[in-house]
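Quick one, structure for this:
(2 chains)
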Amino acid sequence: MKHITEYRDSTLVKSLVRKIDALNPPACNLMEVCGTHTMAIARAGLRDALPPQIKLISGPGCPVCVTAQRDIDYIVELARQPGVIIATFGDMVRVPGTLSSLERQRGDGARVAVVYSSDDVLSLAEDNPDDEVIFIAVGFETTAPGIAATILEARKRKLKNLSFFVTHKLVPPALAALGGMKDLKIDGLICPGHASIIIGVKVYRSLSAEKKLPCVVTGFEPLDMVEGIYLLVKQIVEGRGEVENQYSRLVREEGNPLAIKTMYKAFEVCDVEWRGLGIIPASGLRLKQSLSELDASRRFKVKPVKSKEPKGCRCGDVLCGKIPPSACKLFGKVCKPESPVGPCMVSSEGSCAAHYRYLVVSI
Amino acid sequence: MRDRKITLGHGSGGRLSHEIYNKLVLKYFGNPALDELDDSAIVKGGKDIAFSTDGYVVKPIFFPGGNIGKLCVCGTVNDLSVCGARPLYLSCGMVVEEGFAFSDLEKIIAAMSVECKKAGVNVVAGDFKVVEKGAADGIFINTAGIGRLERRLKVKDIKAGDRVLYLGEVGAHGTAIIIARGNLKIKGAVKSDCRVLSPYLLPLLSVPGLRFMRDPTRGGLSGVLCELAGGSGNSITIKEDALPISKQVNAVCELTGLDPLYLANEGAAVIVVAEKDAAKVIRIVGAQHAAPKIREIGCVEPEKQGRVYMQTASGGRRILEMLSGEQLPRIC
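Presented below is the predicted three-dimensional model:
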């Protein structure tokens, strides 16, 4: 774990916090777009360390949370098909659909395998030749290239019993959609570190220039995050609105061209529905036409459930940063991590779960 | 209404497990000895005795640092020891799946005997059942243990100003099991911390300021701290940079997004002691042969909220909660 402790050094964090204080910042709303930031901020207890006028609000960056209810319902229906093994990343297991969740289906006998890497589904399919393995491909640009590589490998190996349910999403179109929301006041964006490793810094430039919005691509260690916040606050105080890269040890201007190339070998851009944001044009990925035989939604005809978002659940508003989790009437009362009503309480990156689990207190 | 199903989360040692204890176990079995929900029950019968039972269903059955046999003896011996009882007798019930290798069964029983010797206990009752292939996952073991109560420790005796000590390291067993399951395709030299704790804990029973002890198995360190804070009514603050988390455990947790504070330990104990006797406890444990490291990780606050706070290494502060459901690895 070389170099990790340095990025968590409380002396360095405190000295940066003092520098933020010295800027004498006005009240400002900074949105952390990425779910990993939400969790990392909560885990390090950073809200507590920052000057009180700096408000951190969580954005639509948790892949599980932004998955539309309709997609969750579809996935649950797929799990109910005979002879099917659903392979998924862990977070997805407990997300409640309209009637059920993968976890509940597993209790009813459905086969749900939690995988750590998309590559694991290749051996899962090879080891279970008599079953149909369906991989649930969710996530942003961070996971899309890896999953694309798995899809291409599946075709190369001519795996007949493996298919993919793809509901990938893209970060920049969602940010543009947020930027267009009138009832949302964002003074600066903490741009995602992981996704930016793939897509680079340049993708934020037009949005930033158009709205004169300070954007800083930021890493995930406490020191990274405080430095990112410092750079944003400095821009705000100095009246600038540009894109800066705090995470320069991993993120390059053009991103990772090889990963992007791989991603578009398997996927093409499409309109997609986001929870809370509705359908955003050109904001998702689907399998390319030439790979349609690997598309689970074509291979399995399941009867769609009438999708309904849970009554009273305000995950949609939480995801856009319109309200903090505590403003939802269900938060902490009916909706808790052990009995989640909405997806933001399920995922470890969900803002409701982060707020609940790592509740911030004043010293 | 839909009939609820048991989920893996109900076995995690967190909130859902507590729901089972409170809504089913105490509802039907409630009695003064059980209601304490301690690691062992203290029952009347001439001299007071401690009585504890646990079921072991670990997968894989053999893992770095131990196997299900070593685990089942250590687990029950430790549950008795943390309650201030000297472990004396164990019972052992085994449910074995048809087709299980005889040599593996012998390895398991041999490992049990080694740990029994270390703890000075005897297996005096047992049962052996075989079920048909597919009806069990290799082998399940239940052990029950009886110990002579030497000192009654009560969670209510925890007071403001007391020190919280930690014996052992955080998250080693949970991490060793995760690696041994092989899903992660990572290799690591992490061994389970599975060990009997009675040689280190029993000498502490003569320390007047000793308040309470508990071993952080399922539900991890966070789970135990929440139980102690909730049970005593006092809040507890721990320091992140004082926690003994090895580089390897930390690395696995950084990779997977799992929180080491919720990972299981099988050879660790949280010890609450009056401030004046904290150094004495550390000295007594340190004097035992091959003792695991012991250190102070936090203290009991005067605040009566019954919460657990953590001073983070980066200078922030947050609340620690009991685990809800099973820990799931994250997407990215």
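
what's the closest non-adjacent residue to whatever residue of chain B ends up closest to chain A?
Closest to chain A within chain B is residue B:316: 2.5 Å, counting by CB to the nearest CB. C-beta: built from backbone N, CA, C; applies to glycine. Computed as CB to CB, 6 or more residues apart in numbering or on different chains, the closest residue to residue B:316 that is not its neighbour in sequence is residue A:45, at 2.5 Å.

how many neighbours does the residue of the stretch 1-150 of chain A found nearest chain B have?
Using CB to the nearest CB, the closest approach of the stretch 1-150 of chain A to chain B is made by residue A:45 at 2.5 Å. Neighbours of residue A:45 under the rule other CB atoms under 10 Å in any protein chain shown: 25.

quick one, phi/psi of it?
For residue A:45, the backbone dihedrals (degrees, to the nearest 10) come out as phi 70, psi 30.

Report the residue ranges of every domain in chain A.
When chain A is parsed with automatic domain parsing, its domains come out as A:5-63+A:173-245, A:67-171+A:279-299, A:315-357.

Packed most tightly, which of those would that be?
domain A:315-357 (a mean of 23; mean count of other CB atoms under 10 Å in any protein chain shown).

which residue packs closest to the residue nearest the centre of chain A, ignoring adjacent ones?
Closest to where the C-alpha atoms of chain A average out (CA atoms, centre = their mean) is residue A:62, at 2.6 Å. Excluding its sequence neighbours, the residue lying closest to residue A:62 (CB to CB, 6+ apart) is residue A:35, at 3.2 Å.

how close does residue B:169 sit to residue B:196?
16 Å (CB to CB, to the nearest Å).

One more: residue A:91?
Taking CB to CB, one finds residue A:91 at 37 Å from residue B:196.

same check, this time on residue B:127
23 Å.

the more surrounded of the two?
residue B:196 (25 against 10).

pretty sure that one contacts residue B:73?
Yes - contact criterion CB atoms under 8 Å: residue B:196 and residue B:73 qualify, at 7.1 Å.

so where do the helices sit in the stretch 151-300 of chain B?
B:172-181, B:198-201, B:220-232, B:247-256, B:278-286 (DSSP state H, counting those that start in this stretch).

Format those helices as TSV; extra columns: mean pLDDT, distance to chain A and mean neighbour count.
Below are the helices of the stretch 151-300 of chain B laid out as TSV (pLDDT from 0 to 100; distance: least, CB to the nearest CB, whole Å; neighbours: other CB atoms under 10 Å in any protein chain shown):
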stretch	mean pLDDT	distance to chain A	mean neighbour count
helix B:172-181	92	10	24
helix B:198-201	97	28	23
helix B:220-232	95	10	24
helix B:247-256	88	5	18
helix B:278-286	98	24	18
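
Could you dump these into TSV and include distance to residue A:250?
Listed next are these as TSV, based on distance: least, CB to CB, whole Å:
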stretch	distance to residue A:250
helix B:172-181	26
helix B:198-201	44
helix B:220-232	31
helix B:247-256	15
helix B:278-286	42
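
Can you tell me which of those helices is nearest to residue A:292?
helix B:247-256 (33.5 Å; CB to CB).

Would you map out the domains in chain B?
B:31-149, B:155-320.

ranking the ones you listed by burial, who's on top?
domain B:155-320 (a mean of 20).

spatially speaking, which residue is in the middle of chain B?
Closest-to-mean residue, chain B, CA atoms, centre = their mean: residue B:217 / 2.5 Å.

residues touching it, list them.
Residues in contact with residue B:217 (CB atoms under 8 Å, 6 or more residues apart in numbering or on different chains) are B:13, B:75, B:173, B:264, B:265, B:266.

Okay, and residue B:86 sits in which element?
Assignment of secondary structure by DSSP states H and E places residue B:86 within strand B:85-97.

Give me the distance from that strand to the chain's centre.
17 Å (CA atoms, centre = their mean, to the nearest Å).

tell me the phi and psi of the residue nearest to residue A:305 when sequence neighbours are not counted?
Leaving aside its chain neighbours, residue A:305 sits nearest to residue A:73 (4.5 Å; criterion: CB to CB, 6+ apart). Backbone torsions for residue A:73, taken as degrees, to the nearest 10, come to phi -60, psi -40.

Give me the pLDDT for residue A:73.
Per-residue pLDDT puts residue A:73 at 95.

Same check on the one 5 residues further on?
Predicted confidence (pLDDT) for residue A:78: 97.

what packs against the host helix or strand of it?
In this assignment (DSSP H and E), residue A:78 forms part of helix A:69-79. Counting contacts by 3 or more CB pairs under 8 Å, 6 or more residues apart in numbering or on different chains; DSSP states H and E, helix A:69-79 packs against strand A:84-88, helix A:102-107, strand A:162-169.
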